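> sequence and predicted model, in that order:
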Amino acid sequence: MTDLLEKAIAQVKQLPEAEQNEVAKMILEKLKSKDKLTKLFEKIDELGEDPSQPSMEKITSMVKEVRHSLTQK
């Protein structure tokens with residue numbers, strides 16, 4: 001456990017029980033959200049690229065073309 005986390009827990013221990021529970025809920029929710037995001041990214045990697053969608057290179061090229069045409073006016 002890091003020093004910072006130990007300090008935070010020491011401060012939480014000073015709170016009334018109801019507030020300790022609220023902090024615990026917030027921490028658990030944050031960890032659950034992070035886990036969901038990690039699983040989402042894993043699923044995206046698993047699915048791979050969608051060949052029907054333009055690549056980032058193509059999108060970048062299109063944006064440059066549009067910007068160039070707008071600055072030429």
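Alright, I've got the coordinates.
> packing partners for the host helix or strand of Gln11?
Taking DSSP states H and E as the criterion, Gln11 maps to helix 3-13. Applying 3 or more C-beta pairs under 8 Å, 6 or more residues apart in numbering; DSSP states H and E, we find helix 3-13 packed against helix 17-47. For the C-beta atoms, the positions are set from N, CA and C on the backbone; glycine is no exception.
> need the residues that contact the following helix or strand past the helix it packs on.
Counting by DSSP H and E, the next helix or strand C-terminal to helix 17-47 is helix 56-71. Residues outside helix 56-71 that contact it (C-beta atoms under 8 Å, 6 or more residues apart in numbering): Pro54.
> return the distance of helix 56-71 from the chain's centre.
On the basis of C-alpha atoms, centre = their mean, to the nearest Å, helix 56-71 sits 27 Å off its chain's mean C-alpha point.
> average pLDDT across the helix holding Gln11?
Helix 3-13 carries an average pLDDT of 96.
> and the angle for that helix with helix 17-47?
140 degrees (axes from the mean of the first three to the mean of the last three C-alpha atoms, to 10 degrees).
> how about helix 3-13 as PDB, C-alpha atoms only?
Provided in PDB are the C-alpha atoms of helix 3-13 (Å, rounded to 0.1, in the frame of the first residue of the first chain):
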ATOM      1  CA  ASP A   3       2.000   6.200   1.700                       C
ATOM      2  CA  LEU A   4      -0.700   8.300   0.100                       C
ATOM      3  CA  LEU A   5      -3.300   5.600   0.300                       C
ATOM      4  CA  GLU A   6      -2.400   5.000   4.000                       C
ATOM      5  CA  LYS A   7      -2.800   8.700   4.700                       C
ATOM      6  CA  ALA A   8      -6.200   8.700   3.000                       C
ATOM      7  CA  ILE A   9      -7.400   5.600   4.900                       C
ATOM      8  CA  ALA A  10      -6.200   7.100   8.200                       C
ATOM      9  CA  GLN A  11      -8.300  10.200   7.500                       C
ATOM     10  CA  VAL A  12     -11.300   8.100   6.500                       C
ATOM     11  CA  LYS A  13     -11.000   6.200   9.800                       C
END
